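A.B. asks: Whatever this is, show me its structure:
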Amino acid sequence: MSEQLSTFSENILPWLLSHGVNILIIVVGTIVLNNILGRIIKRSVKVAVATNSQVSKEAEEKREKTLIRIFKGIVRILLIIISTLMVLSEIGIQIAPILAGAGIAGIAVGFGGQYLIRDIITGLFIIMENQFRVGDVVTINSTGGTVEDITLRMTTLRDLDGTVHHIPNGEITIVSNMSKYFSRVNLNVGVAYNTRLDHAIEVINRVGKNLAEDPAWKVHIISAPQFLRVDSLSDSSIDLKILGDTKPIMQWAVAGELRKRVKEEFDKEGIEIPFPQIVLHQQK
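C.D. replies: Alright, predicted model coming up:
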C-alpha cells in the first residue's frame, strides 16, 4: 500500500498537477470558447441578414437559424480538432507525425472528394445568398418542384407527380425561383375576331377586380389581375394578356379561379372564346 502511495505521489500526482490541469483547462476553455463564439455568430448573423419588407418574419428567422447552425457547426468542428491535438500533446503523443499523416491523407482524399467539396461550397453560397428556401417552388437546371430539404451537399425537390429529386449542389447551374417575395399570374385569354375588344377588356378588368376584393381570395392577391395588351393575333383568336401579382406560390390557384370566372362572365356577356376551326371551300 505504501509503495502504491509512493508511486502515486512520485509519478502520477506531479503529472496530474501539471499535464492533468492543462488538459482540464483545455477542455473547459474549449467549451467556454465554443459558447462565446456561438453567441458572437448568432449576433453577427442577425446583423448581417438584412431585413427585407418583401420577406416574412418567419422566412427571415428560418434563414437566420440555418446560417447560425452551419457556422456553429464549422466552429465546433475546428475547436474539437484543435483541442484534441493539444490534449494529445499533453499526454505525450507527438502530433507532428499525425499532422504529416493528415496532410498526406488530405491530399489523397482531395482527389476523390473534390466533388463533395464543390457540393459543400456551392451549398454554402446557396444558403448565404438566400437563393431559395425550404417550401419554395423552383426549377433547378431542368427539374422543377417544391424544395423539401436543403443541406450543404444536396437539395431535395418533389415534383407534381410526387417524385423526389436529389440534386447535388455542385451540379446546380441555373435556379429559377417561382415563389420568392411574390408570384405572378401570367395568363392569355383568346376571344373571337368579331369581339369588341373594349368590351372584352372591361369584362376582364371587372372580373379581376372582383376576384381581388373577394374575402376568400384577397388575402392571396397583391395586385388585381388586369388586361395588359393584345398579345397576339392567332389563327382562330385574338389573345389578350392578363397579369396580376399574388402571394408566393398562389399564382396557380388564383389563375385557375380567374379562368373560371372569366369563362362564366364571357358566357353572360356573349363573348366567344373560340376554338380552332377549319373552313372548307368546295369548288363548283
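
A.B. asks: just so I have it, where are all the strands in the stretch 101-250 of the chain?
C.D. replies: Per DSSP state E, counting those that start in this stretch, the stretch 101-250 of the chain carries strands over the ranges 137-140, 143-150, 154-158, 164-168, 175-177, 183-191, 226-233, 238-246.

A.B. asks: Direction included, what does the fourth one pair up with?
C.D. replies: Paired with strand 164-168 in the same sheet, following DSSP bridges, are strand 154-158 (antiparallel).

A.B. asks: in the strand it pairs with, what's buried?
C.D. replies: For strand 154-158, burial by neighbour count (16 or more other C-beta atoms under 10 Å) applies to Met154, Thr155, Thr156, Leu157. Any C-beta I mention is one placed from the backbone N, CA and C, and that applies to glycine too.

A.B. asks: contacting residues around Ile222?
C.D. replies: Counting by C-beta atoms under 8 Å, 6 or more residues apart in numbering, Ile222 makes contact with Phe182, Gly244, Asp245, Thr246, Lys247.

A.B. asks: so can I have CSV of those residues showing pLDDT and neighbour count?
C.D. replies: Shown next, in CSV, are the contacts of Ile222 (pLDDT from 0 to 100; neighbours: other C-beta atoms under 10 Å):
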residue, pLDDT, neighbour count
Phe182, 87, 14
Gly244, 96, 23
Asp245, 95, 17
Thr246, 93, 23
Lys247, 90, 17
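
A.B. asks: circling back: between the buried residues of strand 154-158, which sits nearest Phe125?
C.D. replies: Thr155 (12.4 Å; C-beta to C-beta).

A.B. asks: so what pLDDT did the closest one get?
C.D. replies: The model reports Thr155 with a pLDDT of 91.

A.B. asks: isn't it right up against Thr146?
C.D. replies: No: using C-beta atoms under 8 Å, Thr155 makes no contact with Thr146, being 11.3 Å away.

A.B. asks: residues in contact with Ser223?
C.D. replies: Contacts for Ser223 (C-beta under 8 Å, 6+ apart) come out as Ala212, Gly244, Asp245.

A.B. asks: hmm, back to that, ok, the buried residues of strand 154-158 vs Val21, which is closest?
C.D. replies: Met154 (44.8 Å).

A.B. asks: That closest one pairs with what?
C.D. replies: According to DSSP bridges, the partner residues bridging Met154 are Pro168.

A.B. asks: the helices in the chain, which residues?
C.D. replies: Assigned by DSSP state H, the helices in the chain fall at 2-7, 13-15, 21-48, 57-91, 95-112, 114-128, 197-213, 251-269.

A.B. asks: Of those helices, which is nearest Leu240?
C.D. replies: Closest to Leu240 of those, according to C-beta to C-beta: helix 197-213, at 6.5 Å.

A.B. asks: I'd guessed Ile249 sits against Ser183; true?
C.D. replies: Yes: Ile249 lies in contact with Ser183 (C-beta under 8 Å); the separation is 6.2 Å.

A.B. asks: The two - which one has more neighbours?
C.D. replies: Set Ile249 next to Ser183 and count neighbours by other C-beta atoms under 10 Å: Ser183 wins out with 23 against 15.

A.B. asks: The more buried one - nearest residue in space that isn't next to it in sequence?
C.D. replies: Nearest non-adjacent residue to Ser183, counting by C-beta to C-beta, 6 or more residues apart in numbering: Gln251, 3.9 Å away.

A.B. asks: Tell me how far Thr156 lies from Leu67.
C.D. replies: Between Thr156 and Leu67 the computed distance is 19 Å (C-beta to C-beta, to the nearest Å).
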